[in-house]
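Undergrad: Provided below for reference: sequence and predicted model.
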Amino acid sequence: MKLKTILASIVMLAAAAASAQEPIRIGVIAEMTGTQAEYGLQITNGMKLFMQENGDTVAGRKIELIIRDVGGPNPDVARRLAQELVSREKVDFLAGFGFTPNAMAAAPIATQSKTPMVVMNAASAVIPERSPYIVRTSMTVVQNAVGIADWAAKNGIKTAYILYADYAPGKEGAEGFKKTFIAAGGQIIGEQGAPLKNPDFSPYIQRIKDAKPDAAFIWFPSGELATGVLKSYRERGLDKANIKILGTLDAVDDMFINATGDAAVGLVTGGHYSFAHDSAKNKSFIKAYQAQYGTTMRPNFMAVGGYDGMAAIYAVIKKLNGKIDGDKAMEAFKGLKLESPRGPISIDPATRDIVQTVYIRRVEKKGKEYYSTEFDKYTGK
């Protein structure tokens with residue numbers, strides 16, 4: 001009997017040792033190809049950079065990234081990839097998600113499998129509500145829209161026109177701006193949604209010009225669409241008509257701002273991260289990023305979302321001493337505080353969403369480069 005007990009103990013210890021040697025797998029669903037390939041590139045670059053700086057072993061267990069390309073806003077593909085990562089790859093965490101539809105589609109898989117899911121960019125406010133296993137390290141469009149609306153109302157802008165991409169984040173951003181601006185005494189004199197795919201912005205911009213608002217709040221996702229709106233704004237002469245243009249950081253993504261050029265100069269936006277953010281942490285982050293990926297490529301807010309997402313995952317693994325359990329991991333995320341390249345951030349214990357500062361920035365040209373320079377911030381008061 002004694003021998004059987006000893007043998008059983010040996011078997012259990014061997015099993016435990018084998019389990020400890022198993023890597024912690026993070027299944028990353030990201031846009032690695034197609035017109036939004038920069039989304040996945042920036043997110044995964046940020047994730048990998050954090051691992052390079054902090055090592056690939058936490059609490060005695062190796063960290064393994066399993067990256068899957070969703071190819072753009074493709075919810076059916078995102079759902080299938082999430083299922084495969086959970087069922088076949090046995091991932092301990094899901095992560096990434098550049099677009100809201102992809103995060104929404106993966107949410108039920110996270111719930112069913114009790115797999116913690118770290119959203120590193122997708123910005124619709126309702127995403128964390130779709131699963132108790134979701135935590136976000138990026139932003140909401142509403143956070144940034146409310147910040148710029150508050151600033152506008154306090155700085156002499158009485159009337160505004162709203163133009164937005166006609167899908168969930170755009171609608172939420174428009175609503176957030178509208179409610180805050182009206183509550184502060186402003187007036188919305190027009191509002192319109194434009195299709196996300198291949199819109200001709202000329203008629204939309206002309207309607208804004210004809211309405212003669214003090215300012216136009218414009219929201220489109222980062223990339224060619226946002227750049228196209230800004231160029232159309234200049235071409236149609238809204239700047240000469242003294243119609244100010246307002247937006248969120250998506251309009252002047254650090255990755256594209258130099259390509260947008262003079263069309264962006266003077267644009268005031270609300271945003272949680274800027275390449276020009278003046279902190280030791282950000283300077284260190286930029287130096288390491290460009291040493292790894294080249295000086296011609298600026299890290300943007302998506303890279304920061306990936307970097308901080310990995311910081312959060314590492315912190316949770318340490319708290320759990322490498323023993324990953326979905327429910328315990330979610331408890332560990334709640335209330336987590338980190339020092340980010342964007343400044344101090346935390347995870348709200350009730351919503352599992354990010355708490356952060358929204359900075360008010362103005363696009364300036366310095367030499368041959370363009371920057372969103374922070375000059376104010378929204379405190380929620």
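TA: It's in. Numbers count the residues shown, from 1 in each chain.

Undergrad: Please enumerate the helices of the protein.
TA: 2-21, 37-54, 75-87, 100-113, 141-154, 168-183, 202-211, 224-235, 257-260, 280-293, 301-319, 326-333 (DSSP state H).

Undergrad: nearest to Arg130, of the ones you listed?
TA: helix 100-113 (3.8 Å; CB to CB). (Each C-beta comes from the backbone N, C-alpha and C, glycine too.)

Undergrad: what helices or strands is that closest one leaning on?
TA: Judged by 3 or more CB pairs under 8 Å, 6 or more residues apart in numbering; DSSP states H and E, the packing partners of helix 100-113 are helix 75-87, strand 93-96, strand 117-119, strand 134-136, helix 168-183.

Undergrad: quick one: contacts for the residue positioned nearest the centre of the chain?
TA: Residue closest to the average C-alpha location in the chain (CA atoms, centre = their mean): Asn121, at 2.5 Å. Asn121 is in contact with 39, 43, 96-99, 138, 301-302, 305-306, counting by CB atoms under 8 Å, 6 or more residues apart in numbering.

Undergrad: So which of those is the closest to Ser131?
TA: For the contacts of Asn121, the nearest to Ser131 is Phe97 (11.9 Å; CB to CB).

Undergrad: still on that earlier bit, mind putting the helices and strands packed on helix 100-113 in JSON lines, distance to Phe275, mean pLDDT and mean neighbour count included?
TA: Formatted as JSON lines, these follow (distance: least, CB to CB, whole Å; pLDDT from 0 to 100; neighbours: other CB atoms under 10 Å):
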{"stretch": "helix 75-87", "distance to Phe275": "29", "mean pLDDT": "98", "mean neighbour count": "19"}
{"stretch": "strand 93-96", "distance to Phe275": "22", "mean pLDDT": "98", "mean neighbour count": "30"}
{"stretch": "strand 117-119", "distance to Phe275": "22", "mean pLDDT": "98", "mean neighbour count": "29"}
{"stretch": "strand 134-136", "distance to Phe275": "22", "mean pLDDT": "98", "mean neighbour count": "28"}
{"stretch": "helix 168-183", "distance to Phe275": "22", "mean pLDDT": "95", "mean neighbour count": "22"}
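
Undergrad: returning to that earlier point: output the helices of the chain as CSV; include the columns distance to Asn242.
TA: Converted to CSV, the helices of the chain look like this (distance: least, CB to CB, whole Å):
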stretch, distance to Asn242
helix 2-21, 66
helix 37-54, 34
helix 75-87, 42
helix 100-113, 35
helix 141-154, 15
helix 168-183, 18
helix 202-211, 11
helix 224-235, 13
helix 257-260, 21
helix 280-293, 34
helix 301-319, 30
helix 326-333, 47
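
Undergrad: and Tyr370, which of the ones you listed is closest to it?
TA: For Tyr370, the closest of those is helix 257-260, at 4.6 Å, according to CB to CB.

Undergrad: which residues are in contact with the closest one?
TA: 227, 230-231, 252, 264, 363, 369-372.

Undergrad: In strands only, show me those residues.
TA: Among the contacts of helix 257-260, the ones falling in strands (DSSP state E) are 363, 369-372.

Undergrad: which of the contacts of helix 257-260 tops the neighbour count?
TA: Val252 (29 neighbours; other CB atoms under 10 Å).

Undergrad: Can you spell out the domain ranges of this structure, please?
TA: If you go by automatic domain parsing, the domain ranges for the chain are 2-139+281-350, 142-271+359-378.

Undergrad: what sits against Leu320?
TA: 59, 328-329, 332.

Undergrad: what do you get for Trp151?
TA: Contacts of Trp151 (CB under 8 Å, 6+ apart): 268, 270, 360, 376, 378.

Undergrad: These in strands, which ones?
TA: 268, 270, 360, 376, 378.

Undergrad: buried subset of those residues?
TA: Among these, those scoring as buried are 268, 270, 360, 376, 378 (criterion: 16 or more other CB atoms under 10 Å).

Undergrad: closest to Val28 among those residues?
TA: Closest to Val28, out of all of those and judged by CB to CB, is Gly270, at 28.2 Å.

Undergrad: Do I have it right that the closest one meets Asp376?
TA: No: if you go by CB atoms under 8 Å, Gly270 and Asp376 don't touch, sitting 9.6 Å apart.

Undergrad: Now the common contact residues for the two.
TA: With CB under 8 Å, 6+ apart, Gly270 and Asp376 have common neighbours 151, 359-360.

Undergrad: from the residues you listed, which is closest to Ser131?
TA: Tyr359 (29.8 Å).

Undergrad: what about that closest one, neighbour count?
TA: For Tyr359, using other CB under 10 Å, the count is 25.

Undergrad: Skip the chain neighbours and tell me the closest residue to it.
TA: Distances taken as CB to CB, 6 or more residues apart in numbering put Glu374 closest to Tyr359, at 4.3 Å, once the chain neighbours are dropped.

Undergrad: residue contacts, the one you found?
TA: 274, 276-278, 359-361.

Undergrad: Report the buried members of these.
TA: 274, 276-277, 359-361.
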